[in-house]
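**Q** give me the fold of what follows.
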Amino acid sequence: MSESSAGEPGQVINMHEAKTRLSQLGEMAWRGERVIISRAGKPYLELVPYRERKARKPGRYKDEVHLPDAAFGDSADGTDDDIIELFESDE
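**A** Okay, here's the model as predicted:
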């Protein structure tokens, strides 16, 4: 295993070699090894395995998170009066 220029360990392979070893590199990435493909001697791509993402469910914490009214400032719309004064002053 070689060292990447970012200082993090990983297998660094040049683009040409990666073309011929893609299946092997894919297996390495799937096992959790870091595989970096370089171009002109510099890190260019990182090969990572595809992982299915779970759909986000909006409102998951509804009625579980409560913030005090003071967290939203002094005004009815939630803006702190001192901030409003700074924007509205002529200075």
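**Q** and residue 24, helix, strand or coil?
**A** helix (DSSP: H, G, I helix; E, B strand; the rest coil).
**Q** that one and residue 85, how far apart?
**A** Distance from residue 24 to residue 85, counting by C-beta to C-beta, to the nearest Å: 65 Å. In this view, the C-beta of every residue, glycine as well, is placed from N, C-alpha and C.
**Q** gap between the least confident helix or strand in the chain by mean pLDDT and the chain center?
**A** Counting by mean pLDDT, DSSP states H and E, the chain has its least confident helix or strand at helix 81-88, which shows a mean of 80. How far helix 81-88 lies from its chain's middle: 35 Å, per C-alpha atoms, centre = their mean, to the nearest Å.
**Q** list the buried ones in that helix?
**A** Residues of helix 81-88 classed as buried by neighbour count (16 or more other C-beta atoms under 10 Å): none.
**Q** got the CA coordinates for it in PDB?
**A** Extracted C-alpha coordinates of helix 81-88, given in PDB (Å, rounded to 0.1, in the frame of the first residue of the first chain):
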ATOM      1  CA  ASP A  81     -34.600  44.000  17.800                       C
ATOM      2  CA  ASP A  82     -30.900  44.900  18.000                       C
ATOM      3  CA  ILE A  83     -30.300  43.400  14.600                       C
ATOM      4  CA  ILE A  84     -33.300  45.200  13.100                       C
ATOM      5  CA  GLU A  85     -31.900  48.500  14.500                       C
ATOM      6  CA  LEU A  86     -28.500  47.900  12.900                       C
ATOM      7  CA  PHE A  87     -30.100  47.400   9.400                       C
ATOM      8  CA  GLU A  88     -32.500  50.400   9.700                       C
END
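**Q** adjust the sequence numbering to begin at 3 for everything that follows.
**A** Got it, first residue is 3 now, which makes that one helix 83-90.
**Q** for that helix, packing partners?
**A** Counting contacts by 3 or more C-beta pairs under 8 Å, 6 or more residues apart in numbering; DSSP states H and E, helix 83-90 is packed against no other helix or strand.
**Q** can you pull the contacts of the closest residue to residue 28 other than its chain neighbours?
**A** In space, and not counting its chain neighbours, residue 28 is closest to residue 49: 6.9 Å by C-beta to C-beta, 6 or more residues apart in numbering. Residue 49 makes contacts with 27, 28, 30, 31, 37, 38, 39, as judged by C-beta atoms under 8 Å, 6 or more residues apart in numbering.
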